[in-house]
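> 3D, please:
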Amino acid sequence: MPQLEVDGAVLTYDDEGPRDGEGVPLVFVHGWTADRHRWDHQTEQFAVRRRVIRLDLRGHGESTGAGVRAVGELADDVLALLDHLEVDRCVLVGHSMGGMIAQTIALAQPDRVERLVLVDSISRMTYSRGRGLLMAISTRVPFKLFVAANIKRAFSPGYPREEVRKYIEASAATPKEVVMTDYGAMRAFDVLDRVGEIEAPTLLVHGYHDIQLPVQQMLRMAKAYPNAVVRIIDAGHELPVEKPAELTAALDAFVTDRV
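Numbers count the residues shown, from 1 in each chain. You can find the predicted model right below:
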């Protein structure tokens, strides 16, 4: 597996598919406490015909590194990887915190983003009552309990418990310092007043049952985008896990101008 050293971190990434395939590369950015394998279905489907790049963010998965104080620091890591791979233009896809990173890149280097896809993400971090309560008590409860409470809420009602447990264990394996520091970075994230500057065609895909970042927040955000398409899918916050085929289909339609 290839790796890249960036500012004290070693980033693990995958770079698959034909270099001369259809269109510009697809670049996938995962969310908080996740890893690049959130995009397994999309990678399998798209890499047969176009270049696909995905990474483990610093401190996540198989990458090393400490947590960050601002989402922009993670955006810098992604940009460093794109520079290393000589990717001048791409379709940028981000889930949750990854969507915050993607928006940051689209604002900082708009010429680099041909299309933008935000999956269960928002432009200003606001909270439901339940999420606000979790935030308030986050420093007072055991770390594993804090992670478990957040991950359980990320799945729609009725999702298999054994599957949820698997993702709780994987998230809890992320270093505590990374989890809590990145959580603070997300809390401070706010680009809502600037997203009107993003002219790239944008797909906003959201789970109807998302209670981490409720769909109503995304719909309010969508009004600020000058060139956005909205797709709502019957899933929770973990849309790439719960409905990977539907997400892939929505993404495929978007990048091939069928929506």
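> Let me see the ranges of the strands in the stretch 51-200 of the chain.
52-55, 90-95, 113-119 (DSSP state E, counting those that start in this stretch).
> ok, for residue 224, nearest residue in space, not its chain neighbours?
Closest residue to residue 224 apart from its sequence neighbours, by Cβ to Cβ, 6 or more residues apart in numbering: residue 195 at 4.9 Å. C-beta coordinates here come from the backbone N, C-alpha and C atoms, glycine included.
> Confirm for me that the one you found is in contact with residue 225.
Yes. Contact criterion Cβ atoms under 8 Å: residue 195 and residue 225 qualify, at 5.7 Å.
> how much space between residue 72 and residue 108?
8 Å (Cβ to Cβ, to the nearest Å).
> Ok, residue 160 next?
Noted for residue 160: a distance of 39 Å to residue 108, by Cβ to Cβ.
> the more surrounded of these two?
Ranked by neighbour count (other Cβ atoms under 10 Å), residue 160 and residue 108 place residue 108 first, with 13 against 9.
> need the contact list for the more buried one.
Residues in contact with residue 108 (Cβ atoms under 8 Å, 6 or more residues apart in numbering) are 72, 75, 79.
> number of nearby residues for the second one?
Other residues near residue 75 come to 23 when the count uses other Cβ under 10 Å.
> For the nearest residue to it once chain neighbours are set aside, give me its contacts.
Spatial nearest neighbour of residue 75, excluding adjacent residues (Cβ to Cβ, 6+ apart): residue 104 at 4.0 Å. By Cβ under 8 Å, 6+ apart, residue 104 lies in contact with 71-72, 75, 191.
> so which of those residues comes closest to residue 54?
residue 75 (15.5 Å; Cβ to Cβ).
> distance of that closest one from residue 106?
In this view, residue 75 and residue 106 are 10 Å apart by Cβ to Cβ.
> Shouldn't residue 229 be within a strand?
Yes. The assignment for residue 229 by DSSP: H, G, I helix; E, B strand; the rest coil puts it in a strand.
> oh, and call the first residue 23 from now on, that's how I've got it
Shifting the count to begin at 23 puts that one at residue 251.
> hang on, the earlier thing: which one of the contacts of residue 130 is nearest to residue 49?
residue 101 (10.4 Å).
> what about residue 36, is that helix, strand or coil?
Applying three-state DSSP: residue 36 is strand.
> For it, list each beta-bridge partner.
Beta-bridge pairing for residue 36 (DSSP bridges): residue 76.
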